[in-house]
Structure formats: structure tokens, C-alpha cells
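Enquirer: What follows is a predicted structure for the sequence shown.
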Amino acid sequence: MRRHRNVKIVATLGPSSDTHETIKALHLAGADVFRLNMSHGSHEEIRKKHEIIRAIEDETGGSIAILADLQGPKLRVGVFAGDSEQLDEGAKFRLDLDEAEGDASRVCLPHPEIFQALEPGATLLVNDGKIRLTVDDCGPDFAECTVVAGGVISNRKGVNVPDVVLPVAALSEKDRADLEFVCELGVDFLALSFVQRPEDVEEARDLARGRASLISKIEKPSAVKQIDAIIAASDGIMVARGDLGVELPVQNVPPIQKRLVRKCRSAAKPVIVATQMLESMIESPMPTRAEVSDVATAIYEGADAVMLSAESAAGSYPIEAVTTMNNVATEVEQDPTYTQIIEASRDAAGATVADGIVAAAREIAEKTHIKAICCFTQSGTTALLVARERPRVPILAMTPLKDTARRLSLTWGTNTVITPVLDRFKGAVVASARAAREEGLAGPEDQIVVTAGVPFNVPGSTNILRVAPCDERLIYSTDPE
């Protein structure tokens, strides 16, 4: 199913979207990738959603990517004798390893690794930052704090520690079990929570063993500080603005978002902008004007994908939310200013032959009347490089591998076609012309650009470019030369 937009839409599935009928309606409304949140639902429920998505893929004849979002370690306080307490600004409050029920003066924090990393002056955030504590004194089993921002603290509220890199593995035992389950199930992407350093990504890669691509969720200041190394270690990035906005001043999030989008584009790796994009549509059939502007901003920045969370998973209007996002994307991309911004932010191509080929393909397409850029790809790398160029014409990724086609569902402007295994460039040109005609991208009088690598079927070997006609003489040619 070819979309008439370049940015992709990721929709989270949940209680509001767990039937075949609703998930298919979400896909038809514009969802290109479905996110399975491993924080919610049993393995059997996840398996059922996976089966539904694959059935819909067969029905529609397209490629749909599935992203499994691992929960990551959850840092939480213990419980209170009265279930909750009021903490007043300026009061003293102690966190420790004592499992006794808490009160207005203390509570258990059952994470010794936090105490190991704390230093006086560090900040602790409780309940999404609504309560802010400053550490006055600490040891291996306690932290004496002053309440800087007070409020009600209750049982098992989450704790964020923005100032330090915690000696906590990014993958909990639950995450390891979930990772193995979804990889065997056949998901296309793993979203990694709580990434602090590139080593966290490498650990997950060792466990995934090539069965899924890795998307690092950037939600901690320590990850922002090491972003270049994390991007290099990852297959893509998710700008998780919720936790990022808790651990950093909220005004820091927009420039970080813009910087991460540009860095990922330069690295030819997909970037998802996520969290609260159409939050009001959880309960309302219409978004706020500010939310529409937020979605539009991510698209103007050149993000590969924008994501819906609770809006499609637990909201009252999941299909309307996807439809709204699709409509905003379509309208933004028709704005001449969009093209100007995208082209003004284009970096110079890299130094490889493949970089030169895709840059030349884009130049030829934009300076002539080329209708599409068709790239043959095994691993998807060539299509990612073409997408980095953000050409004005559609990208048609030709691949014999269904897994590659699905993973490219997350990549800006890319339409995928499954082809037979080819061993000659002439066959690739003929297949590209046919696909461009069948997909409605070109007519009999039009031309396309075809890129491929010789020898064929070798990942990363892009080294040839041809401008080809789409007339019947070529399409129905049987000449092997």
C-alpha cells in the first residue's frame, strides 16, 4: 500500500486496538509500523497481536513492520503504611534499604545500585518529576534528602536519577525473556529502554543475533551526552520525549529533538519522534492546535516517523488519531516551505562509492523529469542512503527479502516491492520499470533512476546507476544482455 507522504506513522496497540478489524482500520488509515508495548500484556496477548498484523499484511499485500518496545528496568520506591504521604517543600526525607513501610520521614528504595552512584547534591525525581529531592548526605544504603518540590508520594512511584550514570543493566531479566520471545516470534525492531551508553546497545545486539533491528530510546541525559556513539551502535533512534522531559528541563527537549533528527539523518538511520504527540485525542476526537503544530514540527525537521502511544493503544479514538496524523503529514509535505527546509538541512554525502551513487541519483532525479529512484537492496542500506538524501521523487526499494522490506517500512519516503532473486543488472532495470508502472509512479513516457550493486546480492556493494525508460519495449524485453 503506497502512501502519498514520506514520513511514516507508528501506532501502539493496546486495549483500544486489539482486534483484527481495528488493527486493519489503523493500517488503512495510515499506520505503517505497529508498536507492541512489552510493559503491558502477556506473551500470549503479544502473540495474538503479531498474528493479526501478519494476517493483515497478507490481506493487503504490503509490508508492515512490528516494533517490540522492551520495558527496561523500573526504579520505584516501596510502600507506605498509609499508602501515601504529603511531602512539604523544605522537609527532610530519607530513602533507604529498610523494607519497613514508609511514612512522612522515610521510605524504602529497593535499589542499592542507586545509592552506590549517588553523591551529595544529586537530584532524585519521584512520580514523573512531580516531587523533587536533593541529596544532602548518602551512603551505600541510604540517602538523606531535602524536599525541593513537594507533593503526595504514594506506593511504588517511579524514581528518576538524572544527574548520574547508574550501574544498572539496560535489560532486566524480564527484558531478556521478552527479547527472546519476540525475536522468535519474528518482530522487525526492538526498542531498547533505559539506554545510557553504547554498551547497552551492544548487549542487546548480542542477544538479538541479527533477528531484529535495534532502536535506542533516548530518554536519559547520559544518553544525550553519548549520542554519537549510541547512534553508531544502533539501527535507529527514538526520541522518547516523556522521560527526557522529566530528567531534563522541559525547554531542553525541543533543541535535543532537532539535533537528534539531524544526526540520525546524517548517519542514514531512521529516527522516530514519540510521546504525547496527540495526547488530547485519548479522550477527544479532535486534537489541539498545539498538538497539530508539534506533529508538523517533527515532519518539517525531517523525522522518519512520528509515533502514537496511548492515543491508539488506550484512547477512545484510535483510528481518528492515525487519520489526523496522516492528514497533517500529507498537508505539511505539500507545503513548498517543507521542501526548502528539508533541502537546506541536507548534509554533504559521505566518501564511499555508494554515497556518491545515491547523491547522483537524487541530483539526476531533481534536475530532470525522473519519476522515481529505484534501488535494489539486500540489507536495506542502499535505501537508507537514498532516504538520507530526502529526494523530491518517490523511493522504490526493490528487495527479494521480506524482512528487509518490513524494516524499510520505518524509513522516510521508502516504498518497498518484493522481487525475485536477480543475478544481472538488466533484469533489475526491467523489474524496476515494471514496478514503477504497477505502483503508479511512472507512465510509459517516463524515466526512472535505477541503482544496484554488481556483483548482485552482496550487501553494501552499490556501485552502478542507470536512467531507464518505462516503455513497454523495455518492460517486456527478454534480451538477457
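Expert: Alright, I've got the coordinates.
Enquirer: can you pull the contacts of the residue lying closest to residue 20 once chain neighbours are set aside?
Expert: With sequence-adjacent residues excluded and distances taken as C-beta to C-beta, 6 or more residues apart in numbering, residue 20 is closest to residue 52, at 5.0 Å. To be clear about C-beta, it is placed using only N, CA and C from the backbone, and glycine gets the same treatment. Residues near residue 52 by C-beta atoms under 8 Å, 6 or more residues apart in numbering: 19-20, 23.
Enquirer: in this structure, what spans have low per-residue confidence?
Expert: Low-confidence segments of the chain (pLDDT under 70): 1, 349, 457, 460, 474-481.
Enquirer: Report the central residue of it.
Expert: residue 272 (3.7 Å; C-alpha atoms, centre = their mean).
Enquirer: then the helix or strand in which it is found to CSV, C-alphas only?
Expert: Taking DSSP states H and E as the criterion, the element that holds residue 272 is strand 271-274. What follows is strand 271-274, C-alpha atoms only, in CSV (Å, rounded to 0.1, in the frame of the first residue of the first chain):
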residue,chain,number,x,y,z
VAL,A,271,14.6,8.4,13.8
ILE,A,272,11.1,8.3,15.5
VAL,A,273,9.7,11.3,17.4
ALA,A,274,7.5,10.0,20.1
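Enquirer: ok, residues contacting it?
Expert: Strand 271-274 has contacts (C-beta under 8 Å, 6+ apart) with 10, 215, 236-242, 257, 260-261, 264-265, 298, 301, 303-307, 309, 410.
Enquirer: could you flag which of those are buried?
Expert: 10, 215, 236-241, 257, 260-261, 264-265, 298, 301, 303-307, 309, 410 (16 or more other C-beta atoms under 10 Å).
Enquirer: Which of those residues fall within strands?
Expert: The strands, defined by DSSP state E, take in 10, 215, 236-240, 305-307 from the buried ones among the contacts of strand 271-274.
Enquirer: mind giving me CSV with those residues and columns for distance to residue 77?
Expert: Output for these, formatted as CSV (distance: C-beta to C-beta, whole Å):
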residue, distance to residue 77
10, 32
215, 29
236, 33
237, 30
238, 27
239, 28
240, 22
305, 35
306, 34
307, 29
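Enquirer: Which one of those is nearest to residue 139?
Expert: residue 240 (32.0 Å; C-beta to C-beta).
Enquirer: Pretty sure residue 220 is one of the things that closest one touches, is it not?
Expert: No. Here residue 240 does not reach residue 220: they are 9.1 Å apart, not a contact under C-beta atoms under 8 Å.
Enquirer: quick one on the thing from earlier: residues of the host helix or strand of the residue nearest to residue 20 that come out buried?
Expert: Per DSSP H and E, residue 52 falls inside helix 43-60. Buried residues in helix 43-60, counted by 16+ other C-beta under 10 Å: 46, 49-50, 52-53, 56-57.
Enquirer: These into a markdown table, with extra columns for distance to residue 106?
Expert: Listed next are those as a markdown table, based on distance: C-beta to C-beta, whole Å:
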| residue | distance to residue 106 |
| --- | --- |
| 46 | 39 |
| 49 | 42 |
| 50 | 45 |
| 52 | 48 |
| 53 | 47 |
| 56 | 52 |
| 57 | 53 |
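Enquirer: Which one of the residues you listed is nearest to residue 211?
Expert: Residue 211 lies nearest to residue 50 out of the buried residues of helix 43-60, by C-beta to C-beta, at 13.7 Å.
Enquirer: Return the residues in contact with the closest residue to the closest one other than its chain neighbours.
Expert: The shortest distance from residue 50 to any residue other than its chain neighbours is 5.3 Å, reached at residue 185 (C-beta to C-beta, 6+ apart). By C-beta under 8 Å, 6+ apart, the contact list for residue 185 reads 46-47, 50.
Enquirer: what's the distance between residue 234 and residue 223?
Expert: According to C-beta to C-beta, to the nearest Å, residue 234 and residue 223 sit 10 Å apart.
Enquirer: same question, residue 87
Expert: Taking C-beta to C-beta, one finds residue 87 at 29 Å from residue 223.
Enquirer: Please say which of those two ends up with more neighbours.
Expert: For residue 87 versus residue 223, neighbours defined as other C-beta atoms under 10 Å are more numerous around residue 223 (26 against 23).
Enquirer: Checking that one next. Helix, strand or coil?
Expert: helix (DSSP: H, G, I helix; E, B strand; the rest coil).
Enquirer: Okay, strands next: where are they in the stretch 101-250 of the chain?
Expert: Using DSSP state E, counting those that start in this stretch, the strands found in the stretch 101-250 of the chain span residues 106-108, 123-126, 131-139, 142-149, 151-154, 159-160, 189-192, 213-218, 236-240.
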